[in-house]
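> Curious how this folds, go ahead:
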Amino acid sequence: MSKKVIDVIEGRYRPKSDEVDVLVRCARKNKVLLHFLRAAGIRSGVADEEERRFEATINTVRKISEVLKGTEYVFFKFVKPIFYVPADIDILVEESYVGRAVRALVGLGFRVVVLEPYTITLTKEVAIVDIYTHPSIGGSLIYIDGRELFEHTRTIDFYGVEIPTLERYAEVVVSAAHAVYKEKLYTLNDYFTIRRWLSRRALSLAEEVVCRDALNLSLRMNKQIEEELIEAPYRIPLAIWSGVLMQKLIKDKALRGSSMRILGSLFSSRAGSLLLSKLTRETY
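Predicted structure coming up:
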């Protein structure tokens, strides 16, 4: 079904009435629901709700950008080549500005619910914001040095408000690394980001931040999805995931340097539940 979702989004296929529900479920799991509904011309309660969620996200981003003025930050894993509603809003903040950023969000009514070495999660009603100093696994294991990403930023107009975000080629690298190293799950959201925005600069940056194995694996999964050999979301087999993570551990100083932090939390109940979730879930 994921190949049909791709074909609908790219205008090559119109879904039949008896397959709309199953394609909607597939698009939702793959984090491409809004774009799918718009491309298919579906008008329904599901479509109305997704549009409302999209508008709410725009409004939240507008408020966040206003209170974070003067802070060194960038939205990431956020702007993609498709329309979608993110489950949470991810912000990379330069380490010396983290306290200021958290206070600004608390001033908007957010409250801190998770505090980890490299990640702080805040919530307000249904809105979730994750503040990162480094993209990390479990908030403790760095898979990309955040300082490197600040060298690859741009400012865009996001529905009437200027926001800092990553360059497209950097989003390619982050999408691949996030899917492979952290989530162990590959979605059509990742597929479209990598297929549409892949460039020589993305390949070069992947080498610099030691994520080329994750990008190469993502490109193979893209081909397998197109040939209908695998279905997305695709849970990356444990043997493959552990292999690429081990290679990164060998090559990447940032990952090795943070690896000792995680040892103390490996046997916590939260760590156990997170690991079980990543090994069994269909989406996130």
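
> Show the end-to-end separation of stretch 196-212, please.
Start and end residues of stretch 196-212 are separated by 17 Å (C-alpha to C-alpha, to the nearest Å).

> got the contact list for A127?
Counting by C-beta atoms under 8 Å, 6 or more residues apart in numbering, A127 makes contact with A56, T60, I89, F110. Using the backbone N, CA and C atoms, a C-beta is placed for each residue, glycine as well.

> let's see 6 Å
Residues near A127 by C-beta atoms under 6 Å, 6 or more residues apart in numbering: T60.

> Quick check: phi and psi at it.
phi -80, psi 140 (degrees, to the nearest 10).

> Repeat that for the one 4 residues further on.
Main-chain dihedrals, I131, degrees, to the nearest 10: phi -100, psi 130.

> is it true that it touches V93?
Yes. Counting by C-beta atoms under 6 Å, V93 is a contact partner of I131 at 5.3 Å.

> any residues in contact with both of those two?
A101.

> can you tell me how far I131 sits from M221?
Between I131 and M221 the computed distance is 29 Å (C-beta to C-beta, to the nearest Å).

> Could you do K182 as well?
15 Å.

> which one of those two has more residues nearby?
M221 (22 against 19; other C-beta atoms under 10 Å).

> Can you classify the more buried one as helix, strand or coil?
When classified by DSSP: H, G, I helix; E, B strand; the rest coil, M221 comes out as helix.

> ranges for the strands of this structure?
Along the chain, counting by DSSP state E, strands occupy 73-75, 89-93, 111-115, 119-124, 127-132, 136-137, 141-142, 153-158, 161-166, 185-186, 234-235.

> Show me the one of these that comes nearest C211.
Closest to C211 of the strands of the chain, according to C-beta to C-beta: strand 141-142, at 11.8 Å.

> The closest one packs against which elements?
When contacts are defined as 3 or more C-beta pairs under 6 Å, 6 or more residues apart in numbering; DSSP states H and E, strand 141-142 sits against helix 253-263.

> show me the contacts for G139.
By C-beta under 6 Å, 6+ apart, G139 lies in contact with E116, Y118, T119.

> again with F83
Counting by C-beta under 6 Å, 6+ apart, F83 has contacts L34, H35.

> Please tell me how far it sits from M1.
Counting by C-beta to C-beta - F83 and M1 are separated by 20 Å.

> can you map out the helices along this protein?
Ranges of helices within the chain are 2-9, 20-29, 33-40, 45-67, 98-107, 146-149, 168-177, 188-197, 200-208, 212-226, 238-251, 253-263, 269-280, based on DSSP state H.

> Which secondary structure elements does the fourth one sit against?
In this structure, helix 45-67 makes packing contacts with helix 33-40, strand 161-166, judged by 3+ C-beta pairs under 6 Å, 6+ apart.

> how big is the angle separating the first one from helix 188-197?
Going back to what we said before, that points to helix 33-40. Interaxial angle, helix 33-40 versus helix 188-197 (axes from the mean of the first three to the mean of the last three C-alpha atoms, to 10 degrees): 70 degrees.

> Number of residues surrounding V67?
Counted with other C-beta under 10 Å, residues neighbouring V67 total 16.

> for the protein, where's the lowest mean pLDDT among helices and strands?
Within the chain, confidence by mean pLDDT, DSSP states H and E is lowest for helix 269-280 among all helices and strands, at a mean of 51.

> contacting residues for V210?
Neighbour list for V210: K248, K251, D252 [criterion: C-beta under 6 Å, 6+ apart].

> do that again at 10 Å, thanks
143-145, 177, 247-255 (C-beta atoms under 10 Å, 6 or more residues apart in numbering).
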